[in-house]
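Novice: Quick one: sequence and predicted model below, then my questions.
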Amino acid sequence: MTAPPSPTVFVVDDYAPVRSAVSRLLRAAGFAVAAFASPEKFLAQYDPRTPGCLVLDLDMPAVHGLELQRILATKGSVLPIIFLTGHGDIPKSLQAMKRGASDFLTKPVNDKDLLAAVRVAIERDALARREQAKLSEICARLDTLTPREREVLEHVVAGKLNKQIAGDLGVTEATIKMHRARVMAKMKVQAVADLVRLAERCGIKGSSQ
């Protein structure tokens, strides 16, 4: 297996002196940095598989910071965003935080505050990616189930007993026990409660039949 890429701090600011100063500070603190003069240039090169965080200027021409935040959200990005603004715009900061921004700092930003915010954001990103990987692995197990095993799983998630499931599907209780055991084995769980929890994480709803 190839090692996962190292975290990168993406810096997007149309004002070159700020972009350079922030990049220098972050590199001096040991972070890998990729800086861009506009959201468009960032989007053209950004790979969602790269972990890290985004230090983003709020007020830019064309695509502003909140718009880039919205675009990333539509792409399913989990990249945490630290907003920088020279105006301390409270309504916009609230809007950014409601949309999931990691932090909101006012220019000229304090070096210690920015470095602390970046460390928190990178840890937040790592946690989100670990959860995402777990979910993908669980859903991959679900994909190994046969159509009949999937049916049985949906009835189990609905809280039905083997006898009830057998009646609903028109088979013997012994057959249901066999399918249920196979489902448990494929999903790598020992208890029904764990099976239900994993299924619900992947959006499996209980059958009402």
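Specialist: Sure thing, it's come through. Residues are numbered from 1 along each chain as shown.

Novice: So which residues of the protein form strands?
Specialist: Assigned by DSSP state E, the chain shows strands spanning 8-12, 32-36, 52-57, 81-85, 103-106.

Novice: Remind me what the longest helix along the chain packs against, helices and strands.
Specialist: For the chain, the helix that runs over the most residues, judged by DSSP state H, is helix 111-142. Using 3 or more CB pairs under 8 Å, 6 or more residues apart in numbering; DSSP states H and E, the elements in contact with helix 111-142 are helix 16-28, strand 52-57, strand 81-85, strand 103-106, helix 173-187, helix 192-201. No exception for glycine: its C-beta is placed from N, CA and C like everyone else's.

Novice: Quick one: closest of those to Asp143.
Specialist: Closest approach to Asp143 among these (CB to CB): helix 173-187, 9.7 Å.

Novice: tell me which strands and helices that closest one is in contact with?
Specialist: Helix 173-187 packs on helix 111-142, helix 147-157, helix 162-169, helix 192-201, going by 3+ CB pairs under 8 Å, 6+ apart.

Novice: What are the buried residues along it?
Specialist: Buried residues in helix 173-187, defined by neighbour count with 16 or more other CB atoms under 10 Å: Thr175, Ile176, His179, Arg180, Arg182, Val183, Met184, Lys186, Met187.

Novice: Please identify which of the residues you listed is nearest to Phe104.
Specialist: Phe104 lies nearest to Met187 out of those, by CB to CB, at 41.4 Å.

Novice: Now do the nearest residue to Thr8 once chain neighbours are set aside, the pLDDT please.
Specialist: Nearest non-adjacent residue to Thr8, counting by CB to CB, 6 or more residues apart in numbering: Gly52, 4.1 Å away. Looking at Gly52, its pLDDT reads 96.

Novice: go on, Thr2?
Specialist: For Thr2, the model assigns a pLDDT of 54.

Novice: among the buried residues of helix 173-187, which two are most distant?
Specialist: Thr175 and Met187 (18.7 Å).

Novice: Next up, the contacts around the residue nearest to the spatial centre of the chain.
Specialist: Residue closest to the mean C-alpha point of the chain, counted by CA atoms, centre = their mean, is Val78 at 4.0 Å. When contacts are counted by CB atoms under 8 Å, 6 or more residues apart in numbering, Val78 touches Asp125, Ala128, Arg129, Gln132.

Novice: What's the separation between it and Ala185?
Specialist: Distance, Val78 to Ala185, using CB to CB, to the nearest Å: 32 Å.

Novice: now Lys160
Specialist: On the measure of CB to CB, Lys160 and Ala185 end up 20 Å apart.

Novice: do Thr8 as well
Specialist: Relative to Ala185, and taking CB to CB, Thr8 is found at 40 Å.

Novice: can you check Leu58 too?
Specialist: 52 Å.

Novice: just Glu173 next, same as before
Specialist: Taking CB to CB, one finds Glu173 at 19 Å from Ala185.

Novice: Over to Phe104?
Specialist: Counting by CB to CB, the gap from Phe104 to Ala185 is 48 Å.

Novice: Could you do Ala140 as well?
Specialist: Taken as CB to CB, the span from Ala140 to Ala185 is 15 Å.
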